[in-house]
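Starting from these lines, generate the structure:
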Amino acid sequence: MDYKPYAISWNTTYRCNLRCSHCYLDTNALTNQSVSELSTQEGYKLIDQMAELNPNLLLILTGGEPLLRKDIYDLSSYASQKGMMVVLGTNGNMIDDDIAKKLKESGVTGIGISLDSIVPGRHDTFRGISGAWDDTLNGIEACRRQGIEFQIQTTVTKENFNEIPNIVEFSYNLGAKVFNLFFLVCTGKGQDLTDITPQQYDQALHRLYDIQIKYHGKMMVGAKCAPHYRRIVYEHDTSSPLIRAYAGGCPAGTHYCRITPEGNITPCPYMPNVSGNVRERSFVEIWKDTTDFQTLRFVNLNGRCGVCEFMDICKGCRARALATTGNQMDEDAWCNYTPGKYGDKVIRLSTSETFGTEENFTMNWSPEAKNILKQIPSFGRGMVIKNVERFAAKNNHQEITLEVMKAAREEMTANRKTAFPKSMNGNKDVHLIENNSQLQENEEIPWTEEARKRVEHAPDFVRPGIYKLMQKKARLHGYREITSKFLSEIRDESMKLASRRIKNIGFDELRMDAWDKAKEKLKSVHKKEVIDQIKTFLGERTARNEGIVTKFQAYLKASDESAKRETPSSPGWTAEAKQRLEKAPIFVRGRAKKAIESYAAKDGVAEITVELIEQYMKNIPSFVRNKSQ
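Below is the predicted model:
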């Protein structure tokens, strides 16, 4: 069998702007540039050697934080020009519109962004930096604005175990093309964490299967570092394409490997056993001849994994075996399956049906159809070609065109087999594997029946405005459907904003005479009439809206207390200083402002000037400072 790499993870740097508690990299190197990092020229040479084995492989540029490498755009551009599909693995905190645009221009086809909770504080704790959640969301929004596809990557822990369905839904509403659930391997800083139990592991995978059914055709949902998932999928659906990726189970050392910042090669990011260094030997030589890799390819598993009927589909996580026993071929202790339930014979898939099938054209393909193939990872192309040509032959098509590919996909989707892009309209809007097209500016977003009934109770004079506002808000937040829950979120957001504005006007509490005072300040007759309508409407609905009034009063009180806390310690800003701050990207502006005001308050400064900003900037963390300058 020809063992060639279909995907490679390259940790391009140790440097990082976060302090994640589960990181598998060297804990002492995260904040400093490694003097032994591969240079740009060494990176080019490495990419050339990768291309000798597979010029169409999936290259994952990660870190650390890869955006801390100034040559990351050069490396991605060079690899994409070789024919590789380049994706970036990042925490998203450094991405703004300019960076997203540069990544797209340098050939990056997608970005994997880590998000571990929809509760900001929980995510920040996991990532080790306050404000990380906000910066990640800002990065995602920048990707959406610039039209670069992204996927959400979540590491499951005991803390977010019960939150996974909500994170998946949140990711879908953000516009993610893919959601991947990563299962922690206790290495690096993560070795001090307590992983979820084997029972929770199994439960999470069963739950994930149900979730991927829910999002089928909308967003790809998958599991990483969890080869058992293929066994669970097989139990539900033996024809599912999810069990055909990386034929042979865990891909470590067979179709996948990792490269460290200084050029060491390991079978996967969670396996520390170094098989060679690209400064000393060619990547091609290391890949083909290394003992560790050969051991993983000619499988001789121990324990339950060695007698399991699913060894060909799963093979267990070799990194967990190595971490727990010191032998990468031992059984995976985090699998609680007892072999034999489906017989004593090993369940094998036909090699003609699996991902990794060699590309073999037997029919003519139009240039447009071949362009679509280029958007598919190399390990999936052979399977796509085979299935599309089978469809074409059956239906007497003489040439494979976009229309034929689309028809083939529709038939395969009906049979629950999907292995190529959903959108094939010309050369535009091509998405990998499953399409989840971005909302267009004027696209009508559907409402659930429950949400529509809620708005029907609104007065006639505001109902059209609510419909229009909710459409705008849903597009802004990336929602594909307007639900009752979404209406509540926007209502609370609006109430908080209104509460602050009411306090600024001078109202201390929610009273009916407030409308009369507001009307006195208006000159527009139409606006005065609207206020009268609102006052009458509220007067008739006082009892029904008691809960809303109570919540509004709570927001008013919170706004008042917040103002009392902040006013004494918040110094003023000169006009020039405000202009200087506005030049900073929006995703770091808030943190920079907070840090500067904190320093000013400690120094007893009454007003912040441009000179003080420059002085305080020296004390702000470099990744915020660099973006603010």
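
those helices in the stretch 351-500 of the chain, which residues are they?
For the stretch 351-500 of the chain, applying DSSP state H, counting those that start in this stretch gives helices covering 367-374, 378-394, 402-414, 449-456, 463-477, 484-505.

what comes into contact with the fifth one?
So that's helix 463-477. In this structure, residues lying in contact with helix 463-477 by C-beta atoms under 8 Å, 6 or more residues apart in numbering are 173-174, 439, 441, 443-445, 447, 455-456, 458, 479, 481-482, 486-487, 490. (Glycine included, C-beta is placed from N, CA and C.)

which of those count as buried?
Asn173, Leu174, Leu439, Ile445, Trp447, Val455, Tyr479, Ile482, Phe486, Leu487, Ile490 (16 or more other C-beta atoms under 10 Å).

show me the contacts for the residue nearest to the spatial centre of the chain.
Central residue of the chain (C-alpha atoms, centre = their mean): Ile152, 1.7 Å from the mean position. Taking C-beta under 8 Å, 6+ apart, we find Ile152 in contact with Gly112, Ile113, Ser114, Leu115, Ile167, Ser171, Leu174, Ala176, Val178, Phe179, Asn180.

Going by distance to Arg127, which of the residues you listed wins?
The nearest member of the contacts of Ile152 to Arg127, counting by C-beta to C-beta, is Ser114 at 7.7 Å.

Look at the closest one and say how many residues are nearby.
21 (other C-beta atoms under 10 Å).

thinking again about what came up before, what is the residue nearest to the centre of the chain paired to in the beta sheet?
Here Ile152 sits in beta bridges with Ile113, Phe179, as judged by DSSP bridges.

ok, now how distant is it from Arg480?
15 Å (C-beta to C-beta, to the nearest Å).

still on that earlier bit, quick one: closest of the helices of the stretch 351-500 of the chain to Ser282.
It is, among those and with distance given as C-beta to C-beta, helix 378-394, at 20.6 Å.

now the closest one against helix 367-374, angle please.
Going by axes from the mean of the first three to the mean of the last three C-alpha atoms, to 10 degrees, helix 378-394 is angled at 140 degrees with respect to helix 367-374.

pLDDT weak spots in the stretch 201-350 of the chain?
244-248, 350 (pLDDT under 70).

in it, which spans are helices?
Taking DSSP H, counting those that start in this stretch as the test, the helices found in the stretch 201-350 of the chain are 228-236, 283-289, 291-297, 303-307, 318-325.

and what of the stretch 1-150 of the chain?
Under DSSP H, counting those that start in this stretch, the stretch 1-150 of the chain gives helices at 40-53, 72-81, 97-105, 120-127, 132-145.

Pipe those into TSV and attach mean neighbour count, mean pLDDT and distance to Arg297 per row.
Output for the helices of the stretch 1-150 of the chain, formatted as TSV (neighbours: other C-beta atoms under 10 Å; pLDDT from 0 to 100; distance: least, C-beta to C-beta, whole Å):
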stretch	mean neighbour count	mean pLDDT	distance to Arg297
helix 40-53	17	96	14
helix 72-81	20	95	25
helix 97-105	18	93	34
helix 120-127	19	80	35
helix 132-145	22	87	37
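
Out of those helices, which is closest to Ala392?
helix 72-81 (29.7 Å).

Show me what that closest one is packed against.
Counting contacts by 3 or more C-beta pairs under 8 Å, 6 or more residues apart in numbering; DSSP states H and E, helix 72-81 packs against helix 40-53, strand 58-62, strand 85-90, helix 97-105, strand 108-114.

Please identify which of the ones you listed is closest to Asp134.
It's strand 108-114; of these, that one is closest to Asp134 (C-beta to C-beta) at 13.4 Å.

other SSEs contacting that closest one?
Secondary-structure packing of strand 108-114 (3+ C-beta pairs under 8 Å, 6+ apart): strand 58-62, helix 72-81, strand 85-90, helix 132-145, strand 150-156.

Spit out the contact partners of Arg318.
Applying C-beta under 8 Å, 6+ apart to Arg318 gives the contacts Cys250, Ala252, Gly253, Pro267, Cys268, Met271, Leu296, Gln328, Met329, Asp332.

would TSV of the residues you listed with distance to Phe161 and neighbour count be doable?
Output for the contacts of Arg318, formatted as TSV (distance: C-beta to C-beta, whole Å; neighbours: other C-beta atoms under 10 Å):
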residue	distance to Phe161	neighbour count
Cys250	23	29
Ala252	25	27
Gly253	30	26
Pro267	28	27
Cys268	24	22
Met271	25	26
Leu296	30	24
Gln328	27	23
Met329	30	19
Asp332	19	25
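
which of the residues you listed lies closest to Asn54?
Gly253 (15.0 Å).

check contacts around that closest one.
By C-beta under 8 Å, 6+ apart, the residues touching Gly253 are Pro267, Cys268, Asp292, Phe293, Thr295, Leu296, Arg297, Arg318.

one more time with 7 Å
For Gly253, the contacting residues are Pro267, Asp292, Phe293, Leu296, Arg297, by C-beta atoms under 7 Å, 6 or more residues apart in numbering.

Looking at those, which is nearest Arg69?
Nearest to Arg69 among these is Pro267, at 23.9 Å by C-beta to C-beta.

what's around the closest residue to Ala333 other than its chain neighbours, how many residues?
The shortest distance from Ala333 to any non-neighbouring residue, by C-beta to C-beta, 6 or more residues apart in numbering, is to Thr324 (5.3 Å). A count of nearby residues for Thr324, using other C-beta under 10 Å, gives 16.

now Pro198
By other C-beta under 10 Å, 15 other residues sit near Pro198.

which one among the contacts of Gly253 gets closest to Leu75?
Pro267 (22.5 Å).

Ramachandran angles for that closest one?
For Pro267, the backbone dihedrals (degrees, to the nearest 10) come out as phi -60, psi -30.

The residue nearest to Ala333 and Val185, how far apart?
Taking C-beta to C-beta, one finds Thr324 at 10 Å from Val185.

ditto for Thr136
Distance, Thr136 to Val185, using C-beta to C-beta: 23 Å.

again, but for Glu262
Glu262 is 21 Å from Val185, by C-beta to C-beta.

try Leu75
For Leu75, the distance to Val185 equals 26 Å [C-beta to C-beta].

do Thr254 as well
To Val185, Thr254 is 17 Å away according to C-beta to C-beta.

rewinding a little: could you tell me what pLDDT the model assigned to the residue nearest to the centre of the chain?
What the model reports for Ile152 is a pLDDT of 94.

Could you do Arg480 as well?
At Arg480, the model reports a pLDDT of 77.

so who does it touch?
Tyr172, Asn173, Ile445.

and what of Phe486?
Ala474, Tyr479.

next one: Cys305
Counting by C-beta under 7 Å, 6+ apart, Cys305 makes contact with Met311, Lys315, Gly316, Glu331, Asp332.

what about 10 Å?
Counting by C-beta atoms under 10 Å, 6 or more residues apart in numbering, Cys305 touches 227, 249-250, 299, 311, 314-318, 321, 329-332, 335, 337, 339.

How about Leu103?
By C-beta under 10 Å, 6+ apart, the neighbours of Leu103 are 61, 66-67, 72-73, 76-77, 86-88, 90, 95, 109-111, 142-143, 146, 148.

Okay, it and Pro227: tell me how far apart.
In this view, Leu103 and Pro227 are 31 Å apart by C-beta to C-beta.

Is it correct that Leu174 is in contact with Tyr479?
Yes: contact criterion C-beta atoms under 10 Å: Leu174 and Tyr479 qualify, at 8.9 Å.

sorry, back to before: which members of the buried ones among the contacts of helix 463-477 are the farthest-apart pair?
Largest pairwise distance in these, by C-beta to C-beta, is 23.9 Å, between Leu174 and Val455.

ok so, going back, what's the closest of the contacts of Arg480 to Tyr616?
Closest approach to Tyr616 among the contacts of Arg480 (C-beta to C-beta): Asn173, at 37.5 Å.

can you tell me how far that closest one sits from Gln398?
Distance of Asn173 to Gln398, given as C-beta to C-beta: 43 Å.
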